[in-house]
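K.L.:
The sequence isn't on hand, but the structure is:
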């Protein structure tokens, strides 16, 4: 495995951790921001695995689609297929007004939304960090 792949994956994971830290800090006071940063942390941790494999990092934001590209290689990620849509809803919905909601987007999210999103993201980031560590340790180079 190339050191360049490891370095890029490390950068993605580092930002994922920072985004998760931000999400957890916002969880009580600013639920919509916690939801958005939770989505971002999960997205970036998954993109780290693409980088680690030497694949082009997809320029998409869907947790579900990112997972579907990784689950053939990393079966443990299949556990998140059912909750991917929760985080996917927070990429755009937390930031842009929509006539469907009828109010400022940030006012549509509760502390429960934030707590759930932070927990889901924490699990995804943690599993990606574990996979990263295992793959790097197993690499014979």
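P.N.:
On my side now, so go ahead. Quantities reported herein were computed from a predicted structural model and do not represent experimental measurements. Numbering: from 1, shown residues only.
K.L.:
how many neighbours does the nearest residue to residue 98 once chain neighbours are set aside have?
P.N.:
Leaving aside its sequence neighbours, residue 98 sits nearest to residue 105 (C-beta to C-beta, 6 or more residues apart in numbering; 7.1 Å). Every residue, glycine included, has its C-beta placed from N, CA and C. Residue neighbour count, defined by other C-beta atoms under 10 Å, stands at 16 for residue 105.
K.L.:
And the pLDDT at residue 105?
P.N.:
Listed pLDDT for residue 105 reads 88.
K.L.:
can you check residue 127 too?
P.N.:
pLDDT for residue 127: 98.
K.L.:
Is it in contact with residue 76, as I believe?
P.N.:
Yes. Counting by C-beta atoms under 8 Å, residue 127 does reach residue 76; the two are 5.9 Å apart.
K.L.:
shared neighbours of the two, which are they?
P.N.:
Between them, residue 127 and residue 76 share no contacting residue under C-beta atoms under 8 Å, 6 or more residues apart in numbering.
K.L.:
ok, the two, which is more surrounded?
P.N.:
Legend: neighbour count by other C-beta under 10 Å for residue 127 and residue 76, higher for residue 127 (18 against 12).
K.L.:
and that one, what is it in contact with?
P.N.:
Contact analysis of residue 127 by C-beta under 8 Å, 6+ apart lists 76-77, 79-80.
K.L.:
rewinding a little: is it correct that the residue nearest to residue 98 is in contact with residue 90?
P.N.:
No. Using C-beta under 8 Å as the test, residue 105 is too far from residue 90 to be in contact (10.2 Å).
K.L.:
secondary structure element for the most centrally placed residue in the chain?
P.N.:
In the chain, the centroid-proximal residue (C-alpha atoms, centre = their mean) is residue 42; its distance is 0.8 Å. Using DSSP states H and E, residue 42 sits in helix 31-52.
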